[in-house]
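> sequence first, predicted coordinates after that:
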Amino acid sequence: MTQKNNLEPGTWDAYIGQERVKNLLKMKIAAAMERYSQLDHCLLIGQSGAGKTSLANLIAGEHDLPFLALMITPNFKIQTLNKFLLEFSEEGGGVVLLDEVHNFTKSQQHYLFSIIEGGYISYDNGKKVFFPHPLTIIGATTEPQDIIKPLLGRWGAPYRLDKYTEVEMAQIVERMARRVGLEPTKETCLALGR
């Protein structure tokens with residue numbers, strides 16, 4: 001589980017780049033809120049450092065919901081996932097990021113179907129435990145080819161993040177530097193961003 005990082009952008013305007021994806025997400029969030037609902041489950045695809053976690057955090061913030069980020073490692077256990085999801089839902093629900101979701105095995109990815117489609121955990125003995133409060137599950141991956149097709153389909157059309165330009169990277173460096181009290185030159189920001 002990860003905590004909020006104070007270097008992450010707190011608003012859509014503070015999030016530099018990814019205008020196409022941001023506009024799409026803002027439009028879908030607005031539509032969901034008009035229905036008194038949360039954003040549907042979705043998948044973010046992009047290279048490391050592209051801002052997938054920041055986007056998921058902004059989605060939670062737009063809905064004024066709690067945010068839980070889980071880093072899925074190759075040995076991540078489904079029992080651990082169940083524990084986190086149930087506790088989070090019991091506390092009121094919100095937005096859950098499954099970062100590096102491609103690290104789940106194929107059988108674990110199949111297991112996610114009931115969570116995404118039905119809003120419940122399905123145990124081996126046939127018992128189903130429904131989440132008391134809604135969860136929006138956001139998958140994030142750098143390796144979409146390692147996600148099984150049925151799971152890809154359950155998330156719908158993925159949001160593909162673009163590579164950052166050198167100018168955008170410089171802007172990100174400058175924003176982060178200023179947040180920790182540094183005053184770098186434009187040339188330094190461009191060099192570090194490059």
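On my side now, so go ahead.
> now the end-to-end length of stretch 98-116.
The first and last residues of stretch 98-116 sit 12 Å apart, counting by C-alpha to C-alpha, to the nearest Å.
> can you list contacts of it?
2, 41, 43, 52-53, 69-74, 76, 78, 85, 120-122, 128, 135, 137-144, 146-148, 150-151, 154-155 (C-beta atoms under 8 Å, 6 or more residues apart in numbering). (C-beta placed from N, C-alpha, C; glycine too.)
> just the buried members of those residues?
Buried subset of those (neighbour count, 16 or more other C-beta atoms under 10 Å): 41, 43, 52-53, 69-70, 72, 76, 78, 85, 121, 135, 137-141, 144, 147-148, 151, 154-155.
> how about the strands in the protein?
42-45, 67-71, 94-99, 120-122, 128-130, 135-141, 159-160 (DSSP state E).
> how far away is the residue nearest to M71 when sequence neighbours are not counted from P132?
Spatial nearest neighbour of M71, excluding adjacent residues (C-beta to C-beta, 6 or more residues apart in numbering): D99 at 5.0 Å. Taking C-beta to C-beta, to the nearest Å as the measure, D99 falls 24 Å from P132.
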